[in-house]
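> One predicted model, sequence on top.
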Amino acid sequence: MQKFIARRMVVTVFTILLVSLIVFVMVRVSGDPRTLLLDDYASIEDYDELTANLGLDKPLFTQYAIFLRHALVLDFGDSVVDEQPVTATILQRLPATLQLGLAAFIFSLVIGIPLGILSSVKRDSVWDHVGKVVALLGQSLPPFWLGIMLMFFFAVTLDWVPPSGRYEWSSFILPAITLGWFTTAANMRLVRSSMLTALDSEYIKLARAKGVSESVVVWKHALKNAIIPPLTFMGVTLGTLVTGSIVAEAVFAWPGIGLLAFDALRQSDYAMLQGIIIFFTLMYVGTSLAVDILYAYLDPRIRFA
Amino acid sequence: MTSTGEYAVLAPRRVSASVRAARLLRGFRRRNILLAFSVFILLLITGTGILAPWISPHNPTRGKLENQKLPPAWIGERTTAKTVVDFGQSPDQISISKAKRIKADVVLGDRIEVVIRGSGRTEFLLGTDHLGRDMLSRIIHGARISLIIASVTLGVGGLIGTTVGLAAGYFGGWVDELVMRIVDIFLALPLILVALVLVVALGSSFSLVVFVLVLFIWVRFARQIRGEVLQLKTMDYIALAKVAGASTPRILFVHLLPGVINTLIVVATLQVSIVILAESTLSFLGAGVPPPTPAWGSMIANGRDVLKDAWWISTMPGVAILLTVLSLNLFGDWLRDTLDPRLRQLE
């Protein structure tokens, strides 16, 4: 167990280091930040002062160390565009992203799991076919296009929900579906296949043979065992929800971190972008580490895999 | 298998081409409708992609502004609201003299509903975009871009991944351990974010898109191939090859590679759809191949702000992506079940 956790921790640390290195190198490659930060009337003294402030007079390795030390306390400097501290802006946008992620997560569970159960219990019925179509479309629909189409039908044409922004509860619906669609289909597929395996097993035959009612067989005996693989998948899910939010937020002008990243890209706000990337990577890698450790604790088979 | 001792040392039996073809056909018949559909779409997309410069009806990057936002050919008539001005300047304005013919009592600054007749033209089958460029031609050229990106990415990524996977699986020990940890790190990289930072630093370009996608794709090959090799290398024919004095590269590429070729084909097919989706997502976000090159993702982004007047600009390229990815998934699933059913559990 300790060995497993240690190995996962090492991978996590190296992932973060790699991302920070990519970010650091890229920002240095992209050009001299001094020409961006100073205007045309700056004097040589201004230039030298800024050089010292940014630590650009030190060797590259030291610069990277300084960058890492600042990143460790989530200090990414000021935005190039509005000159506000990057971290403050990110933290201010964080709740919107988390709320949307939670809404999408709930959507994927509420739709995906029952549909998976239905299509496995009533095999080759209408529900099974609906499930298969959902599963296929989940892999094949580009999320950003799905978002735009939903917006076109339900907001622009039918005017049922607001087309963009974050206002009352109804403005959550379309972004949450867009963000959660892939996960819904994945949950459905996983539940369906693990339910089919469970329903085919000996203990279910025994339960049926001794006259347990069908609903108890399905909901109690089979589901209890079938729910484990989808649960394991949720760790992966949380990670994809974090990065998927860029697309969903860009489509629906949802004022979260994803939209912030999209805008930073268009304004070439490298300071903001590097902050967001490190922040997102920490969230992404952190959740998957936490989930992995939790499962290793719950299921001994994972520890020794 | 009666004389096990005699046959176990042999390499997996080579299946003759005709037997292989018969097997493929048998699988084909079972799900023929969907499969025929997907094969048809894939052939269509590949064909139009390859022949794009010769078959596209218009120049995909040049259009006349007077032709902007024309609907698809089958839509003859549409209504839009226009503001009444002295002289019509932009598409959402109408000159007062023309407006009086529709409604006699209009004044400057009013907004009136105007019926535009016959604006869908057969010369632009799928309509035109906000710059008057032909949608069909852009979709055809977009197919070409997707094809090129997918084949280059899979070629490079597959080559790197397969080589690394073969080596890691065969050598084992610390090489394997190191490679697998690197694979873990790459699997944990958030692709879109890495792509965004690279684009801001280096500017968007074709080679950057390919680089990012290769970065993302090679690990999937490496992991799968390594797993296969771990099983394959314990077989006696590998030991015999060693005894016979075969060099390491020879064992890797002549003895092990043919054994993983089915896996390679299946992984590659299933990865194409992932590459196409990822590429379109990047170009949607503005981090893909730079304009005016017509990429499906950026075409969808172009139409986003004019959904109300011109829904087809976003819709058509999306349909193209959906059909392509759907067909690739259907085809890939079938290929997997037919060539290498064991991969099913690894999904």
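The structure has been received and is ready for your questions. Residues are numbered from 1 along each chain as shown, chains lettered A, B, ... in the order given.
> Tell me which residue is most central in the chain.
Chain wasn't specified; assuming chain A. The residue lying closest to the centre of chain A (C-alpha atoms, centre = their mean) is A:Val242, at 2.0 Å.
> Let me rephrase: I mean chain B.
Residue closest to the average C-alpha location in chain B (C-alpha atoms, centre = their mean): B:Ile276, at 2.2 Å.
> what's the helix or strand containing B:Ile33 in contact with?
In this structure, B:Ile33 sits in helix B:32-55 according to DSSP states H and E. By C-beta atoms under 8 Å, 6 or more residues apart in numbering or on different chains, the surrounding residues in contact with helix B:32-55 are B:28, B:140-141, B:143-144, B:146-148, B:320, B:323-324, B:326-328, B:330-331, B:334. In this view, the C-beta of every residue, glycine as well, is placed from N, C-alpha and C.
> Filter those residues down to the ones in helices?
B:28, B:140-141, B:143-144, B:146-148, B:320, B:323-324, B:326-328, B:330-331, B:334 (DSSP state H).
> could you pick out which of the residues you listed are near chain A?
By C-beta under 8 Å from any C-beta of the partner chain, the members of the ones in helices among the contacts of helix B:32-55 lying near chain A are B:Leu326, B:Leu330.
> List buried members of the ones in helices among the contacts of helix B:32-55 by neighbour count.
Listed as buried from the ones in helices among the contacts of helix B:32-55 are B:140-141, B:143-144, B:146-147, B:320, B:323-324, B:326-328, B:330-331, B:334; burial here means 16 or more other C-beta atoms under 10 Å in any protein chain shown.
> Nearest to B:Gly63, out of the residues you listed: which one, please.
B:His141 (12.9 Å; C-beta to C-beta).
> Chain neighbours aside, what residue packs nearest to the closest one?
The shortest distance from B:His141 to any non-neighbouring residue, by C-beta to C-beta, 6 or more residues apart in numbering or on different chains, is to B:Pro60 (4.2 Å).
> Likewise for A:Ala264?
Excluding its sequence neighbours, the residue lying closest to A:Ala264 (C-beta to C-beta, 6+ apart) is A:Met272, at 4.0 Å.
> Next, the buried residues of the helix or strand that contains the one you found.
Element membership for A:Met272 (DSSP H and E) is helix A:270-298. Across helix A:270-298, burial judged by 16+ other C-beta under 10 Å covers A:270-285, A:287-289, A:291-293, A:295-296.
> Same check on stretch A:165-183?
Buried residues in stretch A:165-183, counted by 16+ other C-beta under 10 Å: A:166, A:171-183.
> I'd like to know the average pLDDT value across that stretch.
In this model, stretch A:165-183 carries a mean pLDDT of 82.
> cool, and stretch B:187-202?
Regarding stretch B:187-202, the rounded mean pLDDT is 77.
> residue ranges with poor pLDDT in the stretch 201-305 of chain A?
Applying pLDDT under 70 to the stretch 201-305 of chain A flags the ranges A:232, A:235-236, A:239, A:298-305.
> still on that earlier bit, quick check: angle from the helix or strand containing the residue nearest to the centre of chain B to helix B:32-55?
B:Ile276 is located in helix B:257-284, with elements delineated by DSSP H and E. For helix B:257-284 against helix B:32-55, the angle by axes from the mean of the first three to the mean of the last three C-alpha atoms, to 10 degrees is 60 degrees.
> Is helix B:257-284 in proximity to chain A?
Yes: using C-beta under 8 Å from any C-beta, helix B:257-284 reaches chain A at B:Ser273, B:Leu277, B:Ser280, B:Thr281, B:Phe284.
> The second one: neighbouring residues, count only.
So that's B:Leu277. 22 (other C-beta atoms under 10 Å in any protein chain shown).
> ok, now the one 4 residues further on?
Neighbouring residues of B:Thr281 were enumerated by other C-beta under 10 Å; the total is 23.
> Next up, the contacts around it.
B:Thr281 neighbours (C-beta under 8 Å, 6+ apart): A:Pro142, A:Pro143, A:Phe144, A:Val247, B:Ile192, B:Gly297.
> Out of the residues you listed, which is nearest to B:Leu339?
For the contacts of B:Thr281, the residue nearest B:Leu339 by C-beta to C-beta is A:Pro142; the value is 27.4 Å.
> sorry, back to before: quick check: the two most widely separated of the contacts of B:Thr281?
Pairwise distances across these (C-beta to C-beta) peak at 12.9 Å, for the pair A:Pro142 and B:Ile192.
> Kindly tell me how buried the residue in the stretch 51-200 of chain A that chain B sits nearest to is, as a neighbour count.
Across the stretch 51-200 of chain A, no residue is closer to chain B than A:Trp145, which sits at 3.6 Å (C-beta to the nearest C-beta). Residues lying near A:Trp145 (other C-beta under 10 Å) number 26.
> Please enumerate the helices of the stretch 51-200 of chain A.
Assigned by DSSP state H, counting those that start in this stretch, the helices in the stretch 51-200 of chain A fall at A:60-72, A:86-121, A:126-140, A:143-150, A:170-199.
> From the contact counts, what lies against the last one?
With contacts taken as 3 or more C-beta pairs under 8 Å, 6 or more residues apart in numbering or on different chains; DSSP states H and E, helix A:170-199 sits against helix A:86-121, helix A:126-140, helix A:143-150, helix A:223-226, helix A:228-252.
> Packed most tightly, which of those would that be?
helix A:143-150 (a mean of 23; mean count of other C-beta atoms under 10 Å in any protein chain shown).
> Could you export that helix as CSV, CA atoms only?
Presented in CSV, the C-alpha positions along helix A:143-150 are these (Å, rounded to 0.1, in the frame of the first residue of the first chain):
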residue,chain,number,x,y,z
PRO,A,143,-18.6,18.6,-27.3
PHE,A,144,-18.2,22.1,-28.6
TRP,A,145,-20.5,21.4,-31.5
LEU,A,146,-23.0,19.7,-29.3
GLY,A,147,-23.0,22.9,-27.1
ILE,A,148,-23.6,25.1,-30.1
MET,A,149,-26.4,23.0,-31.4
LEU,A,150,-28.1,22.8,-28.0
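> which other residues reach that helix?
Contacts of helix A:143-150 (C-beta under 8 Å, 6+ apart): A:174-175, A:177-179, A:181-182, A:244, A:247-248, A:250-252, B:280-281, B:284, B:297, B:300-301, B:303-304, B:307, B:314-315, B:318, B:321-322.
> ok, back up a step: what's the closest of the contacts of B:Thr281 to A:Met188?
Out of the contacts of B:Thr281, the member with the shortest distance to A:Met188 (by C-beta to C-beta) is A:Pro143, at 16.3 Å.
> Could you report the separation of that closest one from B:Gly297?
Going from A:Pro143 to B:Gly297 by C-beta to C-beta, to the nearest Å gives 11 Å.
> try B:Thr263
Distance, B:Thr263 to B:Gly297, using C-beta to C-beta: 30 Å.
> Which one of the two is surrounded by more residues?
Set B:Thr263 next to B:Gly297 and count neighbours by other C-beta under 10 Å: B:Gly297 wins out with 30 against 23.
> thought that one was touching B:Gly286?
No: here B:Gly297 lies out of contact with B:Gly286, judged by C-beta atoms under 8 Å, at a distance of 9.1 Å.
> Assumed B:Arg304 was part of a strand.
No: under DSSP: H, G, I helix; E, B strand; the rest coil, B:Arg304 sits outside any strand and is assigned helix.
> does whatever residue of the stretch 101-250 of chain B ends up closest to chain A belong to a helix or a strand, and which?
Nearest residue of the stretch 101-250 of chain B to chain A: B:Ala201, at 3.6 Å (C-beta to the nearest C-beta). Secondary structure assignment for B:Ala201, by DSSP H and E: helix B:191-202.
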